[in-house]
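Chemist: Output the structure for:
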Amino acid sequence: MKSRESKREGGLTKLVKNDDEARKEMRMVERAVRVASWCIQEDPSLRLSMGTVIMMLEAVIEVLVPPYPFPFSSTL
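Modeler: Here you go, the predicted structure:
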């Protein structure tokens, strides 16, 4: 059984498979995806301020793994 980490890496690899530059910068791609996931949180109190977004994208502060963005939404 694949770990959550390896599943995520596999998904990101598929996302950038035709982009040589992005494949070379997978840490940057992963950072951007994590920040984006924080920005779309359903609960507004979990969303990041723009200052925090900038610091995370510039690698000034660490980007933690965000919670699932839509915990209260119903699934189809």
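Chemist: make it CA atoms for all contacts and neighbour counts henceforth
Modeler: Fine.
Chemist: packing partners for the host helix or strand of residue 30?
Modeler: Assigned by DSSP states H and E, residue 30 belongs to helix 26-39. Helix 26-39 sits against helix 50-57, with contacts defined as 3 or more C-alpha pairs under 8 Å, 6 or more residues apart in numbering; DSSP states H and E.
Chemist: Next, the buried residues of the helix holding residue 30.
Modeler: Going by neighbour count (16 or more other C-alpha atoms under 10 Å), the buried part of helix 26-39 is 29, 30, 31, 32, 33, 34, 35, 36, 37, 38, 39.
Chemist: Thought residue 59 was touching the fourth one, still the case?
Modeler: No - using C-alpha atoms under 8 Å, residue 32 makes no contact with residue 59, being 10.2 Å away.
Chemist: Let me see the contact set for the nearest residue to residue 46 once chain neighbours are set aside.
Modeler: Ranked by C-alpha to C-alpha, 6 or more residues apart in numbering and with sequence neighbours excluded, the top spatial neighbour of residue 46 is residue 38, at 7.1 Å. With contact set as C-alpha atoms under 8 Å, 6 or more residues apart in numbering, residue 38 has these partners: 46, 47, 48, 66, 67, 69.
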